[in-house]
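In: Sharing a model that was predicted from the sequence below.
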Amino acid sequence: MSRAATLAIAVMPLLSIPVSAQTELGPVQARSQEPFSRIVGLRELASGAVLVADAGDLRILTLSADLRSSRTSSREGQGPLEFGGAFALVPYRGDTTLMADPSNQRIAAFDGSGALVRTFHLTTTSAGFVSTPLARFGDGQGAIYFQGTRASLLDRASRASSDSAAVLKISVESGAVDTIAWVRVPVAATSATPNQGGVQMSRALPDPFAPRDGWAVATNGRVAIVRAMPYRVEWVGHDGRVVTGAPIAVTPVRVTDADRAAATRPRDTTRQTFGAVTGGAPPSSGSSSVPTASGATVKPPFLQDAVRVDPAGRVWVARSRAAGDPIARYDVFDGAGHRVAEITILGNGAVVGFGAGTVYVATPDADDLLWLTRHALP
């Protein structure tokens, strides 16, 4: 696909969806003039400018409202106003944005212009590790949300991590931590080997096609849990009350040799935290990760990092698809857990964030560089 290719977006009809809900996304409102490598965080600011975290090139940029120009928000380093890694960008209070910086063991705060203006320490203790919570979401009301584990991530040599994890909420001001829900996570085997410097830790990455639950947080603080088995949405309110939607029928998508080859391709883990999924401790110089050969024959309804909540309080779930299928499909659920739409994006486009009445899509070109576009939110 060429860089100038047009992104085509449509809504696929579902028999269970009212006709009135089958609204197509509007045309491209703005398109970035420079590519990205791996967008892991995006937040639209009140001015219309867009803060973007690119883990591939390890940079934080502020794009103009028309996406045509950009400036560097900060630089990599260990200084007071520098960052050590690019991660999710989460709303705090007002137009302030927070980003976990586990390699520097602190939180980075960006102001309404997109500039990094301060850093501060915020830690949690789990299984003997004191670590910076790897924030995935924020409610804009003073709390950030991350994922922990039920048991020790590294209990003993050759032991596996827990198959369930806690969704946790931490108050930035007080440091108080609350457990919101438990989610299913795939098991990752670990081992420890003594060496001259202490212990060499290694692990096999979880099976990428093992069923896992997903979750995301709405701006009003409600937490959406998307279950893989059965496939359905649960909403957890401030009072802990759970609203559960009806299970959704799933047409199995087979795991092919092409899927397995892509999943077991060695990856660079030098810039990843050891607990990237669990919010655990940062890596030591002697940690390593090994891709796992999948034994699965079919894919779960969705894969890792597939869940987002838009400003209207609807859950978007990126569905699993066949290898080589260039059409991304998103199920959209309302605040009661009912599926209300299915949205498709051509050209391997992926939703990377939302704004005030907007949705941002990253589309790869033939060189796997990502181009950012903005569309009206239906």
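Out: Done, it's in. Numbers count the residues shown, from 1 in each chain.
In: which stretch of helix or strand covers the most centrally placed residue in the chain?
Out: By CA atoms, centre = their mean, the chain has its centre lying nearest to residue 305, at 4.3 Å. Assessed by DSSP states H and E, residue 305 sits inside strand 302-309.
In: Buried residues, that strand. List them.
Out: For strand 302-309, a neighbour-count test (16 or more other CB atoms under 10 Å) marks 302, 303, 306, 307, 308, 309 as buried. (C-beta placed from N, C-alpha, C; glycine too.)
In: burial count for the residue nearest to residue 38 when sequence neighbours are not counted?
Out: Using CB to CB, 6 or more residues apart in numbering and skipping residues adjacent in sequence, the residue nearest residue 38 is residue 56, 3.6 Å away. A count of nearby residues for residue 56, using other CB atoms under 10 Å, gives 17.
In: who does residue 39 bridge with?
Out: residue 54 (DSSP bridges).
In: ok, now how distant is it from residue 349?
Out: As judged by CB to CB, to the nearest Å, residue 39 and residue 349 stand 12 Å apart.
In: So which of those two has more stuff around it?
Out: Neighbours were counted for residue 39 and for residue 349 using other CB under 10 Å; residue 349 has more, 22 against 19.
In: wait, doesn't the more buried one sit right on residue 361?
Out: Yes - if you go by CB atoms under 8 Å, residue 349 and residue 361 touch, sitting 4.6 Å apart.
In: tell me which residues in stretch 163-179 are buried?
Out: Buried-residue list, stretch 163-179, by 16+ other CB under 10 Å: 163, 165, 166, 167, 168, 169, 170, 172, 177.
In: Who does the last one form a beta bridge with?
Out: When you say that, I think you mean residue 177. Residues in a beta bridge with residue 177, per DSSP bridges, are residue 170.
In: so what's it up against?
Out: 124, 168, 169, 170, 171 (CB atoms under 8 Å, 6 or more residues apart in numbering).
In: related to what we said a few turns ago, out of the buried residues of stretch 163-179, flag the one nearest to residue 83.
Out: residue 172 (17.4 Å; CB to CB).
In: residues touching the closest one, list them.
Out: 92, 98, 107, 122, 142, 143, 144.
In: where do the helices sit along this protein?
Out: 257-263 (DSSP state H).
In: quick one: residue 343 and residue 332 touch, right?
Out: Yes - if you go by CB under 8 Å, residue 343 and residue 332 touch, sitting 6.2 Å apart.
In: shared neighbours of these two, which are they?
Out: Common neighbours of residue 343 and residue 332 (criterion: CB under 8 Å, 6+ apart): residue 316.
In: Bridged to residue 302, which residues?
Out: Bridge pairing for residue 302 - DSSP bridges - gives residue 319.
In: Sorry, wrong one. I was asking about residue 351.
Out: Listed beta-bridge partners, residue 351: residue 361 (assigned using DSSP bridges).
In: State the distance from it to residue 309.
Out: Where residue 309 is concerned, residue 351 sits at a distance of 11 Å (CB to CB).
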